[in-house]
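Colleague: sequence and predicted structure, then a few things I'm wondering about:
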Amino acid sequence: METNPILEQKCPACGAPMIYNPTLNKLECEFCGTTVDIPAQAIQEEPKPSRKEKDEALNQMEPLPVYNCVSCGAEVLVSQETGALTCPYCRNNIVLTQQFSGTIKPDGIVPFKITPDSLPQAVNDFYKDKPLLSKSFFSDSTMSKITGVYVPFWVFDCDVSGEVTFNGSKTGGSYRRGDYIYTDVKHYSLERNVSMSFADLAVDASKKMDDALMDSVAPFNLKECKPFDVRYLAGYVADRFDQTSKEVQERNDKRVTSTASSLAMSHTTSGFENVSMRQNGLKPIMKQAKYILLPIYVFKIGFEGKDYDFAVNGQTGKVVGTLPRDTRVEAKYFFKYFLIGFLFVAILIFVFFVW
């Protein structure tokens with residue numbers, strides 16, 4: 001057990017707080033500009049805690065409600081899963097080391113690559129291709145403080161196998177018999193044996209994060225995953241997982257089963273009509289689960305008294321979020337294209353039947 005649960009990243013030149021600079025891939029002093037390298041760490045040889053051991057460690061952890069900031073001595077109240085934060089009194093960057101050590105140490109971390117100053121332009125680019133968005137949103141909306149968060153994810157590798165069965169039909173020729181016209185329709189039972197492998201499927205393990213938002217901000221390039229080092233956390237918020245791998249595995253299983261069945265349907269039923277799933281016997285087989293911290297910027301956009309949640313992939317810059325609906329703009333958009341379609345049909349009728 002560590003004797004000091006709080007770790008600070010101090011500048012060796014002036015003693016001011018240091019933050020991780022994604023552009024330099026170094027720690028940088030906010031005061032004097034001194035930089036410190038984060039050395040590449042070799043993968044350790046000792047066995048890493050298993051998925052089961054990590055899950056059990058979470059259930060055994062006690063609440064950690066209060067810490068004393070080393071720099072100013074203030075008491076800092078934190079939630080049970082908080083692992084890195086900024087002291088609200090002296091702005092010192094704090095890492096609560098016992099949240100990321102021992103059995104619950106992350107298997108890796110993907111560092112931030114996108115800097116906060118690039119986010120306003122990225123969000124504007126996200127807005128501009130939304131024709132139903134109220135025009136006043138561009139001038140009246142406000143962006144809250146941007147927070148860089150290392151969000152805990154379980155990253156799964158798994159296989160999916162089993163048999164799926166579909167119904168399908170093919171329409172043949174038509175013929176007349178008396179007063180009736182008959183169409184030949186043949187019905188088929190289509191079967192497919194499926195065996196697929198999936199790797200690096202990330203599912204967030206934080207109850208405070210919106211699952212749909214976290215799913216949308218993916219994917220991440222996990223080839224850039226680094227061995228965990230607390231120095232990457234300097235200047236950012238970081239949370240320890242508060243959902244075990246078993247608790248989030250169901251979401252992963254549904255995702256891979258749905259993907260596998262959709263692929264099987266597209267490959268099996270090409271050329272058939274009225275296709276439907278008759279029986280889905282696919283079952284996921286888990287191979288491994290890794291605990292990885294992934295970089296995400298979170299903030300809110302305020303507009304007309306409401307807040308809309310946004311997230312930006314801190315590695316790729318992908319923007320996702322909810323936007324307000326303007327019924328007046330939607331109505332204008334609908335009538336505009338309704339009128340265009342009506343005029344087009346009218347011209348066709350005139351050309352073919354009147355001209």
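Modeller: Everything's here; your move. Numbers count the residues shown, from 1 in each chain.

Colleague: how close does Thr97 get to Val110?
Modeller: From Thr97 across to Val110, the span is 20 Å (Cβ to Cβ, to the nearest Å). Bear in mind the C-beta positions are built from the backbone N, C-alpha and C, glycine included.

Colleague: correction: Val155
Modeller: For Val155, the distance to Val110 - Cβ to Cβ - is 10 Å.

Colleague: find residues that contact each of those two.
Modeller: 222, 292 (Cβ atoms under 8 Å, 6 or more residues apart in numbering).

Colleague: what about His267, how many neighbours?
Modeller: Other residues near His267 number 10, with proximity taken as other Cβ atoms under 10 Å.

Colleague: bridge partners for Phe166, pull those for me.
Modeller: The partner list for Phe166 in beta bridges (DSSP bridges) reads Leu190, Met277.

Colleague: contacting residues around it?
Modeller: Phe166 is in contact with 189-192, 265, 268-269, 272, 275-278, counting by Cβ under 8 Å, 6+ apart.

Colleague: what does the pLDDT read for it?
Modeller: With respect to pLDDT, Phe166 has a value of 95.

Colleague: before we move on, back to that, of Thr97 and Val110, who's got more company?
Modeller: Between Thr97 and Val110, counted using other Cβ under 10 Å, the more crowded position is Val110 (23 against 18).

Colleague: Asp37 touches Leu24, doesn't it?
Modeller: No. Asp37 is beyond contact range of Leu24, at 9.3 Å (criterion: Cβ atoms under 8 Å).

Colleague: related to what we said a few turns ago, now, of the contacts of Phe166, which are buried?
Modeller: 190, 192, 265, 268-269, 272, 275 (16 or more other Cβ atoms under 10 Å).

Colleague: number of residues surrounding the residue nearest to Thr97 when sequence neighbours are not counted?
Modeller: Nearest residue to Thr97, sequence neighbours excluded (Cβ to Cβ, 6 or more residues apart in numbering): Leu7, at 4.9 Å. Using other Cβ under 10 Å, Leu7 has 20 neighbouring residues.

Colleague: which element is Leu7 on?
Modeller: Per DSSP states H and E: Leu7 is located in strand 6-8.

Colleague: which neighbouring elements make contact with that strand?
Modeller: Judged by 3 or more Cβ pairs under 8 Å, 6 or more residues apart in numbering; DSSP states H and E, the packing partners of strand 6-8 are strand 93-96.

Colleague: can you name the residues in contact with the strand it packs on?
Modeller: In contact with strand 93-96 (Cβ under 8 Å, 6+ apart) are residues 5-9, 17-19, 64, 67, 69-70, 76, 78, 82-87, 230, 233-235, 238.

Colleague: OK, contacts around the most centrally placed residue in the chain?
Modeller: Nearest to the geometric centre of the chain sits Met214, at 3.1 Å (Cα atoms, centre = their mean). Contacts of Met214 were listed using Cβ under 8 Å, 6+ apart, and they are 151, 153, 204, 206, 296, 311.

Colleague: for Asp179, same thing?
Modeller: Counted by Cβ under 8 Å, 6+ apart, Asp179 has zero contacts.

Colleague: and the nearest residue to Glu191 once chain neighbours are set aside, what does it touch?
Modeller: Distances taken as Cβ to Cβ, 6+ apart place Thr165 nearest to Glu191, at 5.1 Å, with adjacent residues excluded. Listed by Cβ under 8 Å, 6+ apart, the contact set of Thr165 reads 189-192, 277-279, 281.

Colleague: again with Pro106
Modeller: With Cβ under 8 Å, 6+ apart, Pro106 has these contacts: 100, 152, 228, 291-293.

Colleague: ok, of those residues, which one's closest to Ser118?
Modeller: Nearest to Ser118 among the contacts of Pro106 is Leu293, at 21.1 Å by Cβ to Cβ.

Colleague: hang on, that closest one in a helix?
Modeller: No. Going by DSSP: H, G, I helix; E, B strand; the rest coil, the assignment for Leu293 is strand, not a helix.

Colleague: state the distance from it to Phe100.
Modeller: For Leu293, the distance to Phe100 equals 8 Å [Cβ to Cβ].

Colleague: over to Lys145?
Modeller: From Lys145 over to Phe100 (counting by Cβ to Cβ), the distance is 24 Å.

Colleague: perfect, I'm done here.
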